[in-house]
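Colleague: mind folding the following:
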Amino acid sequence: MDPQRPISRLIGGVLVSALMTLAAARAVDAAEGQARRVGIVYRGELDDLRLAIAHDALPLGSKVAIVTAPDGVVLCCAVVGAAYILRSGEFDPVHLDDAGKTTYALDLAGIAAEVTLGFGLADAVPEHASSGVRLDLDGNGTPEGFRTCASGEGLHMTVWYGDPLSTARLWHGYFYLGYDTEADCATQDYE
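Modeller: Residues are numbered from 1 along each chain as shown. So this is what the prediction gives:
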């Protein structure tokens, strides 16, 4: 028996394990990167349009595609304005699962549709806008699915790696409505 064989197997096993851990870490980083590109577009108390997103450095003038909620029409593109700072006593209706968020003012000058609520997608400019367009945010060939459902007093907004509820969830946000709604969410929407 060769005394070096167990050592080479051990080293090989350690290398394979390290490579698998590195690949898994890269996949998590990629997913987190995709999730940081998604936010909630909503009308503020002053009837202004805002984007709340975990991305903390959207350049002034950059474009944001909007997927309207709940109907899923893809609109291109709103223009990012300055970071919005809540006025004293102003309620913030958005909660994102990611740690921290920045809210930006949006200009809809390039969009000929009324937007009240939707998903904001930074760095995802579709070739054309319509209700039939499906966006592939991660470039893997499978369009992501967008879903909005109601719970107690607000809406859970989710993005999935494919069809909602049957694939892994990529992103989750919550928009507080301030009034009772009839709940229709599945546990996968918020857990």
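
Colleague: my read: D107 touches A82, true?
Modeller: No: the criterion here is C-beta atoms under 8 Å, and D107 misses it with A82 at 10.5 Å. Quick note: C-beta positions are derived from backbone N, CA and C, even for glycine.

Colleague: which of the two has more residues huddled nearby?
Modeller: D107 (14 against 8; other C-beta atoms under 10 Å).

Colleague: could you point out which element follows the top strand by length along the chain?
Modeller: Counting residues, the longest strand found in the chain (DSSP state E) is strand 74-83. Using DSSP states H and E, the helix or strand that directly follows strand 74-83 along the chain is strand 94-96.

Colleague: could you list the buried residues of that following strand?
Modeller: Across strand 94-96, burial judged by 16 or more other C-beta atoms under 10 Å covers 94, 96.

Colleague: would you mind pulling the contact partners of it?
Modeller: 39-40, 42, 52-54, 101, 103, 172-176 (C-beta atoms under 8 Å, 6 or more residues apart in numbering).

Colleague: show me the residues around H156 that make contact.
Modeller: H156 neighbours (C-beta under 8 Å, 6+ apart): 148-150, 172-174, 185, 189-190.

Colleague: list buried residues within these.
Modeller: Applying 16+ other C-beta under 10 Å to those flags 148-150, 172-174, 185, 189 as buried.

Colleague: among those residues, which one sits closest to P70?
Modeller: The nearest member of the buried ones among the contacts of H156 to P70, counting by C-beta to C-beta, is T148 at 4.3 Å.

Colleague: I figured that closest one was touching D71, is that so?
Modeller: No: counting by C-beta under 8 Å, D71 is not a contact partner of T148; they are 9.2 Å apart.

Colleague: which intervals of the protein have sub-threshold pLDDT?
Modeller: Scanning the chain for pLDDT under 70 picks out 1-34, 99, 124-133.

Colleague: where along it do the helices fall?
Modeller: Using DSSP state H, the helices of the chain run over residues 4-35, 187-190.

Colleague: can you tell me which residues contact the residue lying closest to Y84 once chain neighbours are set aside?
Modeller: Leaving out its chain neighbours, the residue that sits closest to Y84 by C-beta to C-beta, 6 or more residues apart in numbering is T103, at 4.4 Å. By C-beta under 8 Å, 6+ apart, the residues touching T103 are 50-53, 83-84, 86, 92, 94.
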